[in-house]
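S.K.: Coordinates only, no sequence provided:
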């Protein structure tokens, strides 16, 4: 564990140094940026060195995987924060509310209603992000960009969800900057302050465009 923790610390320090450099690149530093370590498909044994090195915010794609992996780790590290960053089905809402601390993938009214009902039942008011299909891609989840502002309003007024920000994944193979800028503009229009955008290959661009959360997996854990 000692060698693994040392290696994890080196990788974390490298990513955090790049994050800080990106914050300062274009004038006065932007607001602090949260590193969400994307641990999907990696075992608890692979994750624990990063916890030992001080990382406390992680992202998982699947409810079932998180349900199996994280309870034991949470017993040892009760101050960790777990983000759901993958698509959510309404029949998994109860488990998601029980396992996760932040839901980043609210993208339709059915999910918003299911989450609201489960949060009320469990007496947990989790912060949520609305996922925006910023590139209008048929194969990707997310509310359409032209619907995002109204959907945020509905999530707040109809479903009483605590919507704190927007999340996106830009189209692969295209410059991400314009898509990140578009998401930032939508966030301003919707009256939300947090932006979850940017992954291992483009998080520095995302930070330059105002990201408050970046989701980094392969640059920390290696290729899946």
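M.R.: That came through, no problem. Quick caveat: nothing in here was measured; it's all calculated off a predicted structure.

S.K.: which helices and strands does the top helix by length along the chain pack with?
M.R.: Under DSSP state H, the helix in the chain containing the largest number of residues is helix 2-24. Using 3 or more CB pairs under 8 Å, 6 or more residues apart in numbering; DSSP states H and E as the contact criterion, the elements in contact with helix 2-24 are strand 34-38, helix 44-52, helix 203-208, helix 218-221. Any C-beta I mention is one placed from the backbone N, CA and C, and that applies to glycine too.

S.K.: Residue 64 is nearest to which of these?
M.R.: Each of those has some distance to residue 64 by CB to CB; the shortest is helix 44-52, at 14.4 Å.

S.K.: residues in contact with the closest one?
M.R.: Residues from elsewhere that reach helix 44-52 (CB atoms under 8 Å, 6 or more residues apart in numbering): 1, 4-5, 7-8, 12, 37, 39, 58, 69-70, 72-73, 76-77, 80, 220-221.

S.K.: Tell me the strands beside whichever helix or strand comes after that helix, with direction?
M.R.: Following helix 44-52 in sequence order, the next helix or strand is strand 57-60 (DSSP states H and E). Here strand 57-60 is paired, per DSSP bridges, with strand 34-38 (parallel), strand 81-84 (parallel).

S.K.: And the longest one, how far out from the chain middle?
M.R.: So that's strand 34-38. 7 Å (CA atoms, centre = their mean, to the nearest Å).

S.K.: And the nearest residue to residue 94 once chain neighbours are set aside, which helix or strand is it part of?
M.R.: Nearest non-adjacent residue to residue 94, counting by CB to CB, 6 or more residues apart in numbering: residue 118, 4.9 Å away. Here residue 118, judged by DSSP H and E, is contained in helix 109-122.

S.K.: Can you mark which positions in that helix are buried?
M.R.: 111, 112, 113, 114, 115, 116, 118, 119 (16 or more other CB atoms under 10 Å).

S.K.: Just put those residues in TSV and tack on pLDDT.
M.R.: Formatted as TSV, the buried residues of helix 109-122 follow (pLDDT from 0 to 100):
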residue	pLDDT
111	98
112	98
113	98
114	98
115	98
116	98
118	98
119	98
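
S.K.: Now the two most distant members of those residues.
M.R.: The span of the buried residues of helix 109-122, defined through CB to CB, is set by 111 and 119 at 12.1 Å.
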